[in-house]
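S.K.: Sequence and predicted structure, then a few things I'm wondering about:
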Amino acid sequence: MLSRRVLATLAVLACALAGAMMLAPSTPAKLKHAAVLKNQLMREHVLLLKGYVEAYATAHDGQYPLPTDVSQGGGLPAPVWPRNPWTGRSLEAGVDCGDYEYSVALDRLGFTLTGHLSSGLTSVVYGASEAPGVALDRDALVGEGVEIIKQAAQLYEFLHNDTAPADASPATLGAYVDQWPMNPYTGAAMATSSTAAGDCSYSGDYASFTLAGYGAGGVQVCSADSTWYDANLGGLRERLKDECAKANGRVLQSYIEEWALAHGGALPSAAEFTSGGAVGAAHDQWPLDPWTSAAMQPGTSHGSYAYTPGTGGGYTLRTYLTPVSPFSAYVDYAGTAVGAAPSAAVADAAVKTGACLIERFLKDFATASGALPSAADLQPTGSIGITQPTWPLSPYDGLAMRPGTAPGQFSYVPDADGSYTLTAHLGSGTYTLTGTAHDWAMQKDQLAIQGATFISYGIELYSLANNGLYPAPATPLSDSLAPYIDPWPKNPWMNTAMTGSTFRGNYVYSLGPDSYSLKVNLCNGSTYDVAALWTHGTWAPLHRMPISLKDLCAQSGLQVIKADLEMWKLTHDGVAPSADELRVLVQTPANPWWPVNPWMGTYMSSGSSYGQYTYAKTGPGVGDYTLSLHQVPLPMVNGDPATEFPAIYVAQ
């Protein structure tokens, strides 16, 4: 394709030649040369048009434009439209010298473009359907279409438990492809039950499928099948479900063994061994059918089980799997005999294990609540028992271990000092677990104090960043201190964010004239003020810093006011202003930089609060006056007078 620069050069050359022909006497040789040049230029223009037509097809899925599109201003992507070398006008469709003719195949997969030259000559170019090797290109497109349909069939198979589709029509597989492949010979959708050129045929059963694609004359040019899927993914979903069902069978088997152990070797009946029966009621979780996601039920379909209790502690248990070949239909857990009632040694070992589990329950309760549970709490129907997913069973009667003195039962005695005695009664003798005196609440109180201490850090950081001001009690501290504390500490008793209240583990925050109080509520009803930490010697500099900075700012402001007073005297014959004149001086536009009270955030004014001043004219001279500042007093540190801030500061 010629560039714009080449075309422009050719156009200039053509004009130059035309001018030369007008100036010089015409000769046959010169006329012949000009005609050859224009014919060559026309051939180049035809190739340029061909490039536009090909670009259109690239952007339209291989479909060539209609004749109405191949014109200036039509649908072609033509940044520069060529001109007729003989007339100089834009190239047009026609049969005269310098015109062109364009036709497209019915399937719009090929075209013919003819340029008319001088002396009846033509320059002809062709599109895909007329060019050599087109049949091979179409066959490649058939192969691509077959591959797309194969992938759709494999996706269908994966989503339908490895069952191949009954057919490969768009109605069956259209939902599994973004765009159905096109027949490259006709431009229509590729058919899947045809041997015509550009179509394909499909055959399949439950386990596999085969595709064949056809080229010109109905000759098979490609094929595809489910071999890769069958070797790599076939049965994957079902095998996974089968494995889940097998694992569930082992869980059911453990339930049988556990029941027999707790009931003197007696097996559960078939009615008891269901999700809604006695065995199901003894367990919070019953295995689920991997195919339905519901509780496994007795039956013979996949995901079900069959249980038959026998004599002498024997039983059979079968779990059913995928019902179709080539998968196994079931797995057995049969022939395992539970035996007679456990021996005394085995039963007593089970009682000891149960006692240890109950002890863990009472320790967890004491740690969470700060006190030992009562005897009423520590039993299967008490506040502890009803919150536990599993409560140990007595091997002697098969019931939950409970308070009592019979074998398999226990006795529990808590003491006020945090100690306890837990005695399990065996077939012969007892098994005792004891706990020494312990402050169960201490750890939680320490965590609460630690959390409140973190909050006090945030308060001090807030004060440093806000000119010594402390957070307002009306706003939750978690909001005011969010930029300074992350994460916010939790109440160790409730496991929720600490907040302002009198409940244990929370805090009470209040403000005083020059300080704050942050008291954390302890388990015994007392409080601990973590704010006192900041008045200790270690933290004294940080506690003094915001106060001393404000005092220093206020002293600087007082010196500015004194400078204004002296300037007044210079312009008023040495007479100091009255108190009323000084108030006017604050508001005059001549003093735009009047100092600000660092404690109030407003202009410094007369008064007796922190950051305010007292002004009075004194005698005997008319220019004598006193100017003093009210500030927060701070005692000297380590005997250094420079660190002391008196309550009244007099302007120097």
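M.R.: Arrived safely, thanks for sending.

S.K.: domains for the chain, by residue range?
M.R.: What automatic domain parsing lists as the domains of the chain is 4-130, 134-232, 236-332, 344-435, 442-535, 543-650.

S.K.: what distance separates the start and the end of the shortest one?
M.R.: Which is domain 344-435. 27 Å (Cα to Cα, to the nearest Å).

S.K.: now that domain, how far from the chain's geometric center?
M.R.: 44 Å (Cα atoms, centre = their mean, to the nearest Å).

S.K.: could I get the domains of the chain as TSV with mean neighbour count and mean pLDDT?
M.R.: The C-beta positions use only the backbone N, C-alpha and C, and glycine is treated the same way. Output for these, formatted as TSV (neighbours: other Cβ atoms under 10 Å; pLDDT from 0 to 100):
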stretch	mean neighbour count	mean pLDDT
domain 4-130	15	73
domain 134-232	18	86
domain 236-332	17	83
domain 344-435	17	90
domain 442-535	16	86
domain 543-650	14	80
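
S.K.: and residue 282, backbone torsions?
M.R.: phi -80, psi 0 (degrees, to the nearest 10).

S.K.: Is it in contact with residue 263, as I believe?
M.R.: No. Using Cβ atoms under 8 Å, residue 282 makes no contact with residue 263, being 10.7 Å away.

S.K.: which residues of the stretch 301-450 of the chain fall in strands?
M.R.: For the stretch 301-450 of the chain, applying DSSP state E, counting those that start in this stretch gives strands covering 305-309, 315-320, 330-332, 410-414, 420-425, 430-435.

S.K.: could these go into JSON lines alongside distance to residue 36?
M.R.: Output for the strands of the stretch 301-450 of the chain, formatted as JSON lines (distance: least, Cβ to Cβ, whole Å):
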{"stretch": "strand 305-309", "distance to residue 36": "94"}
{"stretch": "strand 315-320", "distance to residue 36": "89"}
{"stretch": "strand 330-332", "distance to residue 36": "90"}
{"stretch": "strand 410-414", "distance to residue 36": "118"}
{"stretch": "strand 420-425", "distance to residue 36": "117"}
{"stretch": "strand 430-435", "distance to residue 36": "115"}
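
S.K.: closest one to residue 257 among the ones you listed?
M.R.: Checking the strands of the stretch 301-450 of the chain against residue 257 by Cβ to Cβ gives strand 315-320 as the closest, at 9.7 Å.

S.K.: so which of the strands of the stretch 301-450 of the chain comes closest to residue 242?
M.R.: strand 330-332 (8.3 Å).

S.K.: helices and strands around the closest one, which ones?
M.R.: Applying 3 or more Cβ pairs under 8 Å, 6 or more residues apart in numbering; DSSP states H and E, one finds that strand 330-332 makes contact with helix 236-262, strand 315-320.

S.K.: what about the closest residue in space to residue 65 that isn't next to it in sequence, which SS state?
M.R.: Among residues not flanking residue 65 along the chain, residue 56 sits closest, at 4.7 Å (Cβ to Cβ, 6 or more residues apart in numbering). Assigned with DSSP: H, G, I helix; E, B strand; the rest coil, residue 56 falls in the helix class.

S.K.: For residue 221, see how far away residue 56 is.
M.R.: 28 Å (Cβ to Cβ, to the nearest Å).

S.K.: Repeat that for residue 50.
M.R.: Residue 50 is 28 Å from residue 221, by Cβ to Cβ.

S.K.: Do a quick rundown of the helices in the stretch 451-600 of the chain.
M.R.: 477-480, 540-571, 579-587 (DSSP state H, counting those that start in this stretch).

S.K.: could you redo these as JSON lines and give each row distance to residue 443?
M.R.: Formatted as JSON lines, the helices of the stretch 451-600 of the chain follow (distance: least, Cβ to Cβ, whole Å):
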{"stretch": "helix 477-480", "distance to residue 443": "24"}
{"stretch": "helix 540-571", "distance to residue 443": "29"}
{"stretch": "helix 579-587", "distance to residue 443": "59"}
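
S.K.: So which of the ones you listed is nearest residue 294?
M.R.: Using Cβ to Cβ, the helices of the stretch 451-600 of the chain put helix 477-480 closest to residue 294, at 44.8 Å.

S.K.: and that closest one, what does it pack onto?
M.R.: By 3+ Cβ pairs under 8 Å, 6+ apart, helix 477-480 packs against helix 442-465.

S.K.: Give me the distance between the helix it packs on and the centre of its chain.
M.R.: Centre to centre, stretch against its chain (Cα atoms, centre = their mean), the figure for helix 442-465 is 32 Å.

S.K.: what's the angle between that helix and helix 540-571?
M.R.: 20 degrees (axes from the mean of the first three to the mean of the last three Cα atoms, to 10 degrees).

S.K.: got the end-to-end distance for stretch 101-110?
M.R.: 14 Å.

S.K.: same deal with stretch 308-318?
M.R.: Note: stretch 308-318 ends 9 Å apart using Cα to Cα.
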